[in-house]
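Participant: I would like the atomic coordinates for the input below:
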Amino acid sequence: MPTATITTKGQVTIPKKVRDDLHLNTGDVIEIVIIRDGEAVMRPVTKKVSEVFSKLRENVKRTVSVEEMNEAVRSRFREKN
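Facilitator: Residues are numbered from 1 along each chain as shown. Coordinates of the predicted model:
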């Protein structure tokens, strides 16, 4: 069973296995529900399509062509090699 330690600031790192099993990624929101004394349940908060769509739209600055995208990818690969 995966375990976690609470820091002095009250923070907890969720073990990788748990993050993988719950499909959690950086920036995801979780809720912790107390179900009885001494027991709690952690679960991901589901996102609405409108929330995801609005986040994607915020980053759109201009329309680019497929050729521009391909060139950007080629350029990035050249930088890494």
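Participant: going forward, measure contacts between C-alpha atoms and count neighbours the same way
Facilitator: OK.
Participant: what's next to stretch 6-15, contact-wise?
Facilitator: Pro2, Thr3, Ala4, Thr5 (C-alpha atoms under 8 Å, 6 or more residues apart in numbering).
Participant: switch to 7 Å and redo it
Facilitator: Stretch 6-15 is contacted from outside by Pro2, Ala4, Thr5, using C-alpha atoms under 7 Å, 6 or more residues apart in numbering.
Participant: Quick check on the residues you listed: which are buried?
Facilitator: The neighbour-count test (16 or more other C-alpha atoms under 10 Å) marks none of the contacts of stretch 6-15 as buried.
Participant: so the most centrally placed residue in the chain is in which element?
Facilitator: When C-alpha atoms, centre = their mean is applied to the chain, the residue found nearest the centroid is Asn25 (2.6 Å). Per DSSP states H and E, Asn25 falls between elements, in no helix or strand.
Participant: what's around Arg19, how many residues?
Facilitator: Residues near Arg19, counting by other C-alpha atoms under 10 Å, number 14.
Participant: The one 5 residues further on too?
Facilitator: Look at Leu24: counted by other C-alpha under 10 Å, it has 17 neighbours.
Participant: if you skip the residues just before and after it, what's nearest to it?
Facilitator: Leaving aside its sequence neighbours, Leu24 sits nearest to Pro44 (C-alpha to C-alpha, 6 or more residues apart in numbering; 7.3 Å).
Participant: ok, that neighbour - contacts?
Facilitator: Neighbouring residues of Pro44 by C-alpha under 7 Å, 6+ apart: Val29, Ile30, Glu31.
Participant: run the last query once more with 10 Å
Facilitator: Residues in contact with Pro44 (C-alpha atoms under 10 Å, 6 or more residues apart in numbering) are Arg19, Leu22, His23, Leu24, Asp28, Val29, Ile30, Glu31, Ile32.
Participant: How far off centre is stretch 15-30?
Facilitator: Remark: stretch 15-30 is offset 7 Å from the chain centroid, using C-alpha atoms, centre = their mean, to the nearest Å.
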